[in-house]
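Q: Coordinates for the following, if possible.
(one chain, ligands or ions: 2)
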Amino acid sequence: MTKVGAPRLDSIPIGDVAKPPFARLPEPQVLFAKRAERLRMLAQAHELKPYLLFLADLCVVQHGIQDGLPAATRQPADALVRAREFAMPPLDRNHFTMDAACEATVDRLLTAISTCPMPAAARAALLNVRDADNATMVGMVRSVLADTIPIEAVAEHLFVAAALQVHFARLAAQLDAASLVPVSDGACAACGGPPVSSMVVGWSRAHGTRFCACALCATMWNYVRIKCVVCGSTKGISYQEIDGSAGTIKAETCDSCRSYVKILHQHKDPELDPIADDVASLGLDLLVRETGLRRGGVNPFLFGY
Ligand SMILES: [Zn+2]
Ligand SMILES: [Zn+2]
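A: Ligands and ions are numbered 1, 2, ... in the order given. Below you'll find the model as predicted:
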């Protein structure tokens with residue numbers, strides 16, 4: 001593993017950056033289908049092949065269940081204005097209640113994924129979720145939204161989180177990107193959740209800038225290039241990567257909070273996906289964690305890591 005210091009600021013290509021947008025909202029109708037494709041590609045000759053293929057099936061389900069779903073309840077206009085005024089995320093995870101759209105999303109996902117191949121333990125977990133009473137389901141939803149997944153029920157929560165990813169991406173897609181404002185370090189500007197990873201993007205008029213990717217609603221928000229995405233420190237930032245790797249996925253480590261979050265260089269490889277490539281680069285996590293750092297990124301597909 002190689003550890004390198006932060007790059008010199010004058011070495012960062014800024015291309016034709018004028019002013020990157022602060023936030024980019026998800027497109028749920030393409031997000032999950034593209035992720036499924038990426039997972040299938042990553043699965044080839046990968047030691048996690050069976051798991052990556054299972055996740056690809058799950059993403060196909062996340063895509064397929066959206067057709068004909070009831071519209072997600074829109075946030076009232078005055079609540080959106082208030083959220084912006086107080087720099088709060090407009091999708092309030094702490095006071096979330098399941099509406100008809102969310103319930104239908106969960107039901108559809110649990111039914112559709114049951115026809116896909118999966119290990120016996122995963123199928124048992126799926127049955128647990130399908131059989132869960134209302135109070136248990138509400139508890140699982142709360143745990144996902146609060147990032148407090150009980151270690152003994154990681155597999156059950158994966159299915160709930162996958163459904164919530166669909167629901168929150170649909171909610172976020174209804175927002176106005178131009179109305180979003182920074183809320184705090186390490187928090188999604190739309191839903192307040194933690195990032196799964198960050199990406200240096202190759203988008204037109206934003207080339208070379210960095211965006212954090214929300215693990216839940218998939219909103220991306222602009223963030224200073226060399227700054228801890230967990231605690232906001234700009235000191236003691238360095239980068240680690242596996243020797244001989246393509247240089248497109250690194251761990252951004254922070255001496256202040258002793259954590260790391262992966263940074264994906266999408267401007268070098270447009271196919272990189274903040275969630276899929278995070279799972280497929282688990283080898284980097286194992287190496288970085290040997291140095292005593294904790295994982296700062298949250299990924300529903302890596303609950304328990
Ligand atoms: Zn979010
Ligand atoms: Zn930090």
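Q: Tell me how many other residues surround Tyr260.
A: Using other CB atoms under 10 Å, Tyr260 has 28 neighbouring residues. Bear in mind the C-beta positions are built from the backbone N, C-alpha and C, glycine included.
Q: now the helices: where do they sit in the stretch 51-200 of the chain?
A: 77-85, 100-113, 120-131, 134-146, 154-173 (DSSP state H, counting those that start in this stretch).
Q: Out of those helices, flag the one nearest ligand 2.
A: helix 134-146 (20.8 Å; CB to the ion).
Q: So which bits of the closest one are buried?
A: 137, 140-141, 143-145 (16 or more other CB atoms under 10 Å).
Q: does ligand 1 sit close to it?
A: No: using CB under 5 Å from the ion, we find that helix 134-146 stays clear of ligand 1, coming within 10.4 Å at best.
Q: pLDDT and distance to Lys262 added to the buried residues of helix 134-146, as a markdown table?
A: Listed next are the buried residues of helix 134-146 as a markdown table, based on pLDDT from 0 to 100; distance: CB to CB, whole Å:
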| residue | pLDDT | distance to Lys262 |
| --- | --- | --- |
| Met137 | 97 | 31 |
| Met140 | 97 | 26 |
| Val141 | 97 | 27 |
| Ser143 | 96 | 24 |
| Val144 | 96 | 21 |
| Leu145 | 96 | 22 |
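Q: Excluding chain neighbours, what is closest to the residue nearest the centre of the chain?
A: In the chain, the centroid-proximal residue (CA atoms, centre = their mean) is Ala215; its distance is 2.1 Å. Counting by CB to CB, 6 or more residues apart in numbering, Ala215 lies nearest to Val196, which is 3.9 Å off, once chain neighbours are set aside.
Q: start to end distance for stretch 218-235?
A: 28 Å (CA to CA, to the nearest Å).
Q: how about that stretch: buried residues?
A: Residues of stretch 218-235 classed as buried: 218-223, 225-230 (neighbour count, 16+ other CB under 10 Å).
Q: For it, give the mean pLDDT please.
A: Confidence over stretch 218-235 (mean pLDDT, whole number) is 95.
Q: Do any residues in that stretch lie close to ligand 2?
A: Yes: using CB under 5 Å from the ion, stretch 218-235 reaches ligand 2 at 228, 230-231, 233.
Q: Ends of stretch 116-124, what's the gap?
A: Start-to-end, stretch 116-124 (CA to CA) is 13 Å.
Q: quick one, what contacts the residue nearest to the centre of the chain?
A: For Ala215, the contact set (CB atoms under 8 Å, 6 or more residues apart in numbering) comprises 193-196, 275, 297-300.
Q: hmm, 6 Å instead?
A: The contact partners of Ala215, by CB atoms under 6 Å, 6 or more residues apart in numbering, come to 196, 298-299.
Q: Can you pull out the low-pLDDT segments for the protein?
A: 1-18 (pLDDT under 70).
Q: can you do 90?
A: 1-19, 72-81, 92-95, 203-207, 243-246, 303-305 (pLDDT under 90).
Q: Spell out which parts of it neighbour ligand 2.
A: Counting by CB under 5 Å from the ion, the residues of the chain that sit close to ligand 2 are 228, 230-231, 233, 254, 256-257.
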